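In: What shape does this take:
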Amino acid sequence: MTSTIETILSHRSIRKFTDQAIDASQLESIVQAGLAASSSSMLQVVSIIRVTDKEKRQRLAHLAGDQPYVASAAEFLVFCMDYQRHFTINPQVNPDFTELTLIGAVDCGIMAQNCLLAAESLGLGGVYIGGLRSSAQQVDELLNLPQHSAVLFGLCLGHPDQAPQLKPRLPAKVIVHENQYQPLNLDDINEYDKTMQAYYASRSSNQKQSSWSQEVTSKLAGECRPHIKGYLNGKGLAKR
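Out: Numbers count the residues shown, from 1 in each chain. Purely as a prediction, here's the structure:
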């Protein structure tokens with residue numbers, strides 16, 4: 001097993017950080033790793049906003065659902081899909097196709113994962129902050145995003161001040177299909193639910209009596225940020 005694979009397999013979300021800053025050279029390496037990520041048709045439709053202003057950090061922590069580590073992490077990066085630069089180059093660009101919104105979201109995810117893996121390889125830790133989308137319009141205005149760009153998520157980075165347990169993932173036999181989609185074997189899910197129940201009950205913080213099936217049902221059975229479509233449409237995205 002290579003050191004790269006070891007880094008990937010040891011991933012865990014870090015939400016508590018020391019006061020130590022990230023070296024400028026380390027941050028540069030993290031950003032360069034992100035810039036090296038694959039990009040659909042080389043469109044490069046990602047913008048990263050590094051938020052260093054403490055008041056803005058506090059505001060973003062609140063807008064993300066009162067997540068204090070947004071303010072306390074050494075670095076906070078906001079990943080945005082960005083077609084404004086392309087539109088500025090040539091107004092004939094049509095950023096409003098839904099396919100282009102999907103490309104922007106995919107490119108952002110790939111770039112951010114490169115950044116996080118680079119950080120983890122340097123002994124740092126981090127956590128993604130999708131909660132920014134709960135107040136997407138307010139975050140957008142706080143960061144002064146132009147038309148044809150939209151906030152997607154944030155990424156906290158810093159020196160870990162905790163060592164949480166690894167969270168068990170669904171087994172590969174549930175995720176990986178061969179040649180065509182295979183029907184779900186509920187016995188596999190039942191086994192995974194037992195694994196997750198044991199994990200939730202034994203972890204050092206936020207213990208709970210629940211299974212994975214119960215957790216995802218609770219998440220998916222209700223509304224999920226129904227304002228997002230209107231937000232994207234208002235930015236000239238995902239309109240057709």
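In: and the closest residue to Phe79 other than its chain neighbours, which of the three is it?
Out: Counting by C-beta to C-beta, 6 or more residues apart in numbering, Phe79 lies nearest to Cys108, which is 4.6 Å off, once chain neighbours are set aside. C-betas here are computed from N, CA, C, even on glycine. Here Cys108 is helix, with the state taken from DSSP: H, G, I helix; E, B strand; the rest coil.
In: For Cys108, the count of nearby residues, please.
Out: 24 (other C-beta atoms under 10 Å).
In: Next up, the contacts around it.
Out: Contacts for Cys108 (C-beta atoms under 8 Å, 6 or more residues apart in numbering) come out as 46, 79-81, 152-153.
In: Lys54 and Ala71 touch, don't they?
Out: Yes. Using C-beta atoms under 8 Å, Lys54 is in contact with Ala71, at 7.5 Å.
In: Give me the more crowded residue out of the two.
Out: Applying other C-beta under 10 Å to Lys54 and Ala71 shows that Ala71 carries more neighbours, namely 19 against 9.
In: and the gap between the more buried one and Pro95?
Out: As for Ala71, its distance to Pro95 is 32 Å (criterion: C-beta to C-beta, to the nearest Å).
In: Now do whichever strand in the chain runs longest: which elements does it pack against?
Out: Assignment by DSSP state E gives strand 149-158 as the longest strand of the chain. Under the contact definition 3 or more C-beta pairs under 8 Å, 6 or more residues apart in numbering; DSSP states H and E, strand 149-158 sits against helix 69-72, strand 75-82, helix 98-121, strand 125-129, helix 136-142.
In: Mind listing residues that contact the second one?
Out: Residues from elsewhere that reach strand 75-82 (C-beta under 8 Å, 6+ apart): 22, 27, 45-51, 57, 60, 70, 101, 104-105, 107-108, 111-112, 115, 129, 132, 139, 143, 145, 148-158, 237.
In: tell me the contacts of Lys235?
Out: Listed by C-beta under 8 Å, 6+ apart, the contact set of Lys235 reads 140, 145, 147-150.
In: one step back: report the inter-axis angle for the longest strand of the chain versus strand 75-82.
Out: With axes from the mean of the first three to the mean of the last three C-alpha atoms, to 10 degrees defining the directions, strand 149-158 sits at 160 degrees from strand 75-82.
In: Next, the buried residues of stretch 17-30.
Out: Within stretch 17-30, the residues scored as buried using 16 or more other C-beta atoms under 10 Å are 17, 22, 26-27, 29-30.
In: and these, which two are the farthest apart?
Out: Longest distance between any two of those is 18.5 Å, between Phe17 and Ser29; criterion C-beta to C-beta.
In: Pass me the low-pLDDT residue ranges in the chain, would you?
Out: Scanning the chain for pLDDT under 70 picks out no residues.
In: for the residue of the chain positioned farthest from its centre, helix, strand, or coil?
Out: Here the chain reaches farthest from its C-alpha mean at Gln92, the gap being 31.0 Å by C-alpha atoms, centre = their mean. Under three-state DSSP, Gln92 falls in the coil class.
In: ok, it to Glu6 distance?
Out: 47 Å.
In: Check Ser134 too.
Out: 34 Å.
In: Tell me which of those two has more neighbours.
Out: Ser134 (14 against 10).
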